[in-house]
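Chemist: have a look; sequence and predicted model below, questions after that.
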Amino acid sequence: MVSLGGGAVIDAGKAIAALVPAAGPVIDYLEVVGTGRQLEASPLPFVAIPTTAGTGAEVTKNAVINVPEQQRKVSLRDDRMLPDTAIVDPALTDNAPRSITLSSGLDALTR
């Protein structure tokens, strides 16, 4: 699994890589809206390629998932969800809109 994008895209990729081999319903593995069930199987191999700075999604063991039906964001986490590889190339941010560069830079400062 490869995710190229910002934090939400990388988190979505991590979640997909973790949940494809999972035995139960997706909701069971989510915190708050589910039971926070532990993953039984290791996630699929995962590569993160961030195109924004600030979220740190390429170096964390969790994925923040939006659950619109519950009107909240929740976490899926497991120590094995760290990306196998992160390709961090500052040049990938060169064409980002100014507003994204500013907000992701401020995001980095608040973490």
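Modeler: Nice, I can see it.

Chemist: which parts of the chain are strands?
Modeler: When assigned using DSSP state E, the strands of the chain occupy the ranges 2-5, 47-50, 62-67, 72-77, 85-86.

Chemist: dump those strands into a markdown table; add mean neighbour count and mean pLDDT as well.
Modeler: All C-beta atoms are positioned from the backbone trio N, CA, C, and that covers glycine. Formatted as a markdown table, the entries for the strands of the chain read as follows, by neighbours: other Cβ atoms under 10 Å; pLDDT from 0 to 100:
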| stretch | mean neighbour count | mean pLDDT |
| --- | --- | --- |
| strand 2-5 | 17 | 97 |
| strand 47-50 | 22 | 98 |
| strand 62-67 | 18 | 94 |
| strand 72-77 | 17 | 94 |
| strand 85-86 | 13 | 98 |
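
Chemist: list the residues that contact the residue in the chain sticking out farthest from the centre.
Modeler: Most distant residue from the mean C-alpha position of the chain: residue 98, 22.8 Å away (Cα atoms, centre = their mean). With Cβ atoms under 8 Å, 6 or more residues apart in numbering as the criterion, no residue contacts residue 98.

Chemist: also residue 47?
Modeler: Residue 47 neighbours (Cβ under 8 Å, 6+ apart): 1, 2, 3, 83, 84, 85, 86, 87.

Chemist: and which of the residues you listed is nearest to residue 41?
Modeler: For residue 41, the nearest member of the contacts of residue 47 is residue 1. The distance, counting by Cβ to Cβ, is 14.1 Å.
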